[in-house]
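In: Generate a structure from the sequence data that follows.
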Amino acid sequence: MRPYQNLLNFLHTPAVRWLNKDGDPSGVFAKLKGSAYFSKEAANLLFADATLNLEQIYDILEKDESPPGFELSMNIQLESTSTHKAISSPNVAAILEGSDPTLKNEYVVYSAHSDHIGFAKTVKKDKINNGAMDNATGTSVLMETARLFSQLDERPKRSILFLAVTGEEKGLLGSDYYAQNPTVPVGSMVANVNLDMPILTYEFTDVIAFGANHSDMKGSVAKAAEKIGLELSPDPMPEQALFTRSDHYSFVKQGIPSVFLVPGFKSSDPEVDGTKQFSQFLKTNYHKPGDDFNQAFNWQAATQFAEVNYHIGLILANQAQRSSWNKGDFFGDAFSR
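Out: Numbers count the residues shown, from 1 in each chain. Alright, predicted model coming up:
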């Protein structure tokens with residue numbers, strides 16, 4: 001639950017949706033006519049004479065249960081005025097065609113978002129949120145991975161689709177649009193490797209592939225990491241549910257096995273704690289003007305990350321069978337076509 005003061009920072013931030021061919025916005029619910037933020041004090045008053053008060057609702061949520069719906073004992077009147085503006089923000093896609101006459105019609109997809117969050121309204125001096133780590137690093141590694149593939153004497157068997165998507169920070173908009181309106185048949189996309197906010201400030205000895213435990217991509221990632229002397233580590237923070245929080249999830253919802261790849265927290269330098277590096281970035285620079293080029297970038301780490309991404313895609317593109325969900329996996333059962 002975000003502190004109320006933090007929610008106020010987003011109060012006047014416009015909502016953005018992509019429009020379908022009929023001009024209707026995606027991801028909206030016609031019956032939901034409005035929403036509002038409440039401070040805890042105001043919310044306590046709202047639920048004071050209700051079937052359940054606010055603390056009772058919190059107790060139910062803490063048990064990982066859903067509170068029952070009920071009518072409130074008072075009426076609230078909400079009033080809002082909306083204006084709508086059409087903007088254009090493109091995705092960028094490129095394809096390296098595969099070499100196998102049959103498998104070239106299947107695609108391994110690399111994705112990285114090219115947008116950030118714009119200007120900071122709560123900072124007096126430098127108001128530009130630059131997004132160097134989030135996600136210029138990811139898009140740079142995407143392009144470097146494409147360069148490595150382009151230099152192969154023999155192209156991989158399957159085709160490789162490189163996709164720079166827009167609007168991730170506004171709700172995975174670009175990837176959601178592409179996954180629902182792809183330039184290749186959706187069933188031909190066999191795997192997605194997503195690159196979002198790799199923290200490239202230290203040389204790492206492991207990688208983390210969020211979601212790898214849901215499909216046989218785990219073995220492919222581990223094999224690729226081993227090729228350059230790295231190991232695959234398990235998700236260190238499963239409670240954050242990061243597998244549902246970046247652009248790969250748009251592909252998951254179309255039934256495509258996916259991973260969200262980042263450098264691991266194990267450093268080759270015993271004096272450097274990768275976990276602290278990651279936490280410090282979140283504390284001081286994440287979604288702030290400080291996420292700029294003045295950070296202590298480690299170019300060897302960037303090279304490592306590009307190489308392991310390249311090897312993952314090469315393995316996925318050349319293996320005999322397309323990637324598949326694990327038997328009985330929740331995401332596979334929910335979204336497989």
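
In: Where do the domain boundaries of this structure fall?
Out: 1-87, 92-335 (automatic domain parsing).

In: Wait, Gln295 touches Asn285, no?
Out: Yes - contact status for Gln295 versus Asn285: in contact at 6.8 Å, counting by C-beta atoms under 8 Å. Placement of C-beta: from N, CA and C, glycine included.

In: So which residues of the stretch 201-337 of the chain form helices?
Out: 217-227, 248-252, 274-284, 299-318, 330-335 (DSSP state H, counting those that start in this stretch).

In: between those helices, which one is nearest to Val92?
Out: Among the helices of the stretch 201-337 of the chain, helix 248-252 comes nearest to Val92, with 15.8 Å by C-beta to C-beta.

In: average pLDDT for that closest one?
Out: Averaged across helix 248-252, pLDDT comes to 98.

In: just checking, what packs against that helix?
Out: Where contact means 3 or more C-beta pairs under 8 Å, 6 or more residues apart in numbering; DSSP states H and E, helix 248-252 is packed against strand 107-113, helix 173-180, strand 189-195, strand 258-263.

In: Now do the buried residues in that helix.
Out: The neighbour-count criterion (16 or more other C-beta atoms under 10 Å) identifies His248, Tyr249, Ser250, Phe251, Val252 as the buried residues of helix 248-252.

In: In JSON lines, list the helices and strands packed on helix 248-252 along with mean pLDDT and distance to Asn130.
Out: Converted to JSON lines, the helices and strands packed on helix 248-252 look like this (pLDDT from 0 to 100; distance: least, C-beta to C-beta, whole Å):
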{"stretch": "strand 107-113", "mean pLDDT": "98", "distance to Asn130": "14"}
{"stretch": "helix 173-180", "mean pLDDT": "98", "distance to Asn130": "19"}
{"stretch": "strand 189-195", "mean pLDDT": "98", "distance to Asn130": "18"}
{"stretch": "strand 258-263", "mean pLDDT": "98", "distance to Asn130": "19"}
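
In: Give me the below-cutoff pLDDT ranges for this protein.
Out: Along the chain, segments meeting pLDDT under 70 span 1-12, 122-124.

In: Mind doing that once more with 80?
Out: 1-13, 33-35, 37, 120-125 (pLDDT under 80).

In: just the domains of the chain: most buried one?
Out: domain 92-335 (a mean of 19; mean count of other C-beta atoms under 10 Å).

In: Span of that one from start to end?
Out: Across domain 92-335, the terminal residues are separated by 25 Å (C-alpha to C-alpha, to the nearest Å).

In: Equivalent analysis for stretch 91-110, please.
Out: By C-alpha to C-alpha, one end of stretch 91-110 lies 13 Å from the other end.

In: Distance from that stretch to the middle of the chain?
Out: Taking C-alpha atoms, centre = their mean, to the nearest Å, one finds stretch 91-110 lying 22 Å from the centre of the chain it belongs to.

In: now swap in stretch 204-221 and tell me
Out: Using C-alpha atoms, centre = their mean, the offset of stretch 204-221 from its chain centre is 15 Å.

In: returning to that earlier point: between the helices and strands packed on helix 248-252, which one is nearest to Ile76?
Out: So among the helices and strands packed on helix 248-252, helix 173-180 is nearest, using C-beta to C-beta, at 30.4 Å.

In: And that closest one, what does it pack against?
Out: Against helix 173-180 (3+ C-beta pairs under 8 Å, 6+ apart) you get strand 107-113, strand 159-165, helix 248-252.

In: That helix vs strand 159-165, what angle?
Out: 140 degrees (axes from the mean of the first three to the mean of the last three C-alpha atoms, to 10 degrees).

In: Can you dump the C-alpha atoms of helix 173-180 in CSV for me?
Out: Only the C-alpha atoms of helix 173-180 are listed here, as CSV (Å, rounded to 0.1, in the frame of the first residue of the first chain):
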residue,chain,number,x,y,z
LEU,A,173,0.9,-0.1,-23.2
GLY,A,174,3.3,-0.7,-26.1
SER,A,175,3.9,-4.3,-25.4
ASP,A,176,0.2,-4.9,-24.7
TYR,A,177,-0.7,-3.3,-28.1
TYR,A,178,1.9,-5.3,-29.9
ALA,A,179,1.0,-8.6,-28.2
GLN,A,180,-2.6,-8.1,-29.3
